[in-house]
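> Okay, structure incoming, though there's no sequence with it:
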């Protein structure tokens, strides 16, 4: 078994610009972030021997574009949390000796759509036969399908779900790179344009351009790099179904309940030791599911936990401190940006830095509750 | 007949019986030979135990409204606002559908309301299992 803190993140960078980046194609957004991550570590492409990215970009495209000859590749594609899984697989590969230095990249021209490749479900796929005929049109119509059931079972109100967006905007206000920074109120959220009831535009993620890259190596080698190492304490992953209509329980994600606790147990931490948390927020309900399914709140208590200010600046569990997918950026596969913020918090370089934070939990979701990956980071090697 | 423009399902060898059933006004589910539990979507083995000993049976067509969204933007074949719903069949499985003969509002669409299947043709090849409020609750 891989040891706690045996692997470290030594490079972490986003593309130079995020938000609206009409001057870069999708593959260049990958490369731009990768070059930034290599620059801060002092590594050259020839020093990288492992590459991971998620479709539609294939590892061979990135390897060739950057001039890397890898000994290990991973193209795991389970949606926006694929990067959490790449990180987990990369840690195992380094532990196994398959490679020494892994580059994980993301780039998505979600807004400008330069070289972006949409892939609607094929009409003979299960989604094509049993979901698409009923009029879903992208994540805003599918991801929130379970929300009304969750609200009824848990006694959660529209105001509660609006509060999630309000609190995250508060964090975004502290972050110069966030796309939306103006404070908003619950009334603003509830008066914003209806997209797919019960969700309005301010409860749906942004659509942006951007990229991100991570470089991992063994903790023993990490001390040779100029960057402050961020240690991987524990990881977890799982999948459930890519048909949201077939989720077993509309109030809880089975993939969350496997990935999160697996990571926390592997990390050997108590939930009360967690100083900082990221929960991939493609839509406003996801932080509620994440807090409950990862055991930070009992079922039905997450809405109150957020309402009472626990996840706000100064709260006991700072959550989505970059502003999240709702206010910071969301290219389509946001998981990379959640990881970047966890690394910044552990390095002590985040725009909205949590003072003295030592442990960060980064939890991702992919493809409408299809998949999940969780990483526990620390700036202290156990 | 449904308005044109919807995504049209294309049956596979594993799902053909389901779509043939819809065309004949029958909602066909499958049952696991080991556990007796019904399942969906169609496949020639049980997702509960992996056994290939499964049977096809006709479901009652009765369901309840499990959850939904009401989409407010235009999509080919639909007039917004329209609900995209998930119903829970009396036999257990859930499926995505639309609710017809009902206002597409949160007030009219109450979770757990009783529904019944309303097969609606897209064309000569495909009929969709839509649902409407059950007679007793209309």
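On my side now, so go ahead. What you are looking at is a predicted structure, and each value in this text was computed from that prediction instead of being measured.
> can you pull the buried residues of stretch B:70-83?
B:70, B:71, B:72, B:73, B:75, B:77, B:78, B:81, B:82, B:83 (16 or more other CB atoms under 10 Å in any protein chain shown). Using the backbone N, CA and C atoms, a C-beta is placed for each residue, glycine as well.
> How much space separates the closest residue to the first one other than its chain neighbours from residue B:75?
Right, the one you point to is residue B:70. The shortest distance from residue B:70 to any non-neighbouring residue, by CB to CB, 6 or more residues apart in numbering or on different chains, is to residue A:197 (3.9 Å). As for residue A:197, its distance to residue B:75 is 15 Å (criterion: CB to CB, to the nearest Å).
> Now, the buried residues of stretch B:70-83 that are in strands?
Among those, DSSP state E puts B:70, B:71, B:82, B:83 in strands.
> could I get those as a markdown table with pLDDT and distance to residue B:30?
Output for these, formatted as a markdown table (pLDDT from 0 to 100; distance: CB to CB, whole Å):
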| residue | pLDDT | distance to residue B:30 |
| --- | --- | --- |
| B:70 | 98 | 31 |
| B:71 | 98 | 30 |
| B:82 | 98 | 29 |
| B:83 | 98 | 27 |
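> Now flag whichever of the residues you listed is closest to residue B:27.
Ranked by distance to residue B:27 (CB to CB), those are led by residue B:83 at 19.6 Å.
> for the closest one, what are its contacts?
Residues in contact with residue B:83 (CB atoms under 8 Å, 6 or more residues apart in numbering or on different chains) are B:68, B:69, B:70, B:71, B:98, B:99, B:104, B:109.
> and if we set it to 10 Å?
Residues near residue B:83 by CB atoms under 10 Å, 6 or more residues apart in numbering or on different chains: A:134-135, A:196-197, B:65, B:68-71, B:97-100, B:102-106, B:108-109.
> And those residues, which of them are buried?
Buried, going by 16+ other CB under 10 Å: A:134-135, A:196-197, B:65, B:68-71, B:97-100, B:102, B:104, B:109, out of the contacts of residue B:83.
> Between the ones in strands among the buried residues of stretch B:70-83, which sits nearest chain A?
Nearest to chain A among these, counting by CB to the nearest CB, is residue B:70 at 3.9 Å.
> wait, that closest one sits on residue B:85?
Yes. Counting by CB atoms under 10 Å, residue B:85 is a contact partner of residue B:70 at 9.4 Å.
> what's the neighbour count on residue A:22?
Neighbourhood size, residue A:22 [other CB atoms under 10 Å in any protein chain shown]: 11.
> which SS class is it?
Taken by DSSP: H, G, I helix; E, B strand; the rest coil, the conformation at residue A:22 corresponds to coil.
> per-residue pLDDT, it?
At residue A:22, the model reports a pLDDT of 94.
> what sits against it?
Listed by CB under 10 Å, 6+ apart, the contact set of residue A:22 reads A:109, A:111, A:112, A:113, A:114, A:209.
> ok, now residue A:186?
Residue A:186 neighbours (CB under 10 Å, 6+ apart): A:158, A:159, A:160, A:161, A:162, A:163, A:165, A:166, A:307.
> ok, now residue A:37?
Contacts of residue A:37 (CB under 10 Å, 6+ apart): A:9-14, A:43, A:48, A:103-105, A:212-215, A:227, A:340.
> which residue packs closest to residue A:173, ignoring adjacent ones?
Using CB to CB, 6+ apart and skipping residues adjacent in sequence, the residue nearest residue A:173 is residue A:181, 5.0 Å away.
> ok, of the buried residues of stretch B:70-83, which one's closest to residue B:44?
Of those, the one sitting nearest to residue B:44 (CB to CB) turns out to be residue B:77, at 30.7 Å.
> what's the model's confidence in the host helix or strand of residue B:117, averaged?
Assigned by DSSP states H and E, residue B:117 belongs to strand B:114-121. Over the span of strand B:114-121, the pLDDT mean works out to 98.
> From the contact counts, what lies against that strand?
Of the remaining helices and strands, those touching strand B:114-121 by 3 or more CB pairs under 10 Å, 6 or more residues apart in numbering or on different chains; DSSP states H and E are helix B:16-23, strand B:62-71, strand B:82-89, strand B:94-97, strand B:127-133.
> what about the ones you listed, which gets the closest to residue A:243?
strand B:94-97 (7.7 Å).
> Can you confirm whether the closest one lies near chain A?
Yes. Strand B:94-97 is in contact with chain A by CB under 10 Å from any CB of the partner chain, via B:94, B:95, B:96, B:97.
> Make TSV out of those and add distance to residue A:239 and pLDDT.
What follows is the residues of strand B:94-97 next to chain A, written out as TSV (distance: CB to CB, whole Å; pLDDT from 0 to 100):
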residue	distance to residue A:239	pLDDT
B:94	19	98
B:95	21	98
B:96	19	98
B:97	25	98
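> Widest-spaced pair of these?
Top of the distance list for the residues of strand B:94-97 next to chain A (CB to CB): B:94 and B:97, 9.6 Å.
> Give the intersection of the neighbour lists for the two.
Common neighbours of residue B:94 and residue B:97 (CB under 10 Å, 6+ apart) are A:245, B:63, B:86, B:87.
> Tell me who's in contact with residue 72.
If you meant another chain, say so; for now it's chain A. Applying CB under 10 Å, 6+ apart to residue A:72 gives the contacts A:49-52, A:59, A:89-90, A:93-94, A:96-100, A:102.
> other chain: chain B
By CB under 10 Å, 6+ apart, the contact list for residue B:72 reads A:140, A:141, A:193, A:194, A:195, A:196, A:197, A:200, B:80, B:81, B:82, B:104.
> Could you spell out the sheet neighbours of the strand or helix carrying the fifth one, each with its direction?
Counting by DSSP H and E, the secondary-structure element that holds residue A:195 is strand A:194-197. Here strand A:194-197 has these sheet partners by DSSP bridges: strand A:199-200 (antiparallel), strand B:62-71 (antiparallel).
> I am finished for the moment; much appreciated.
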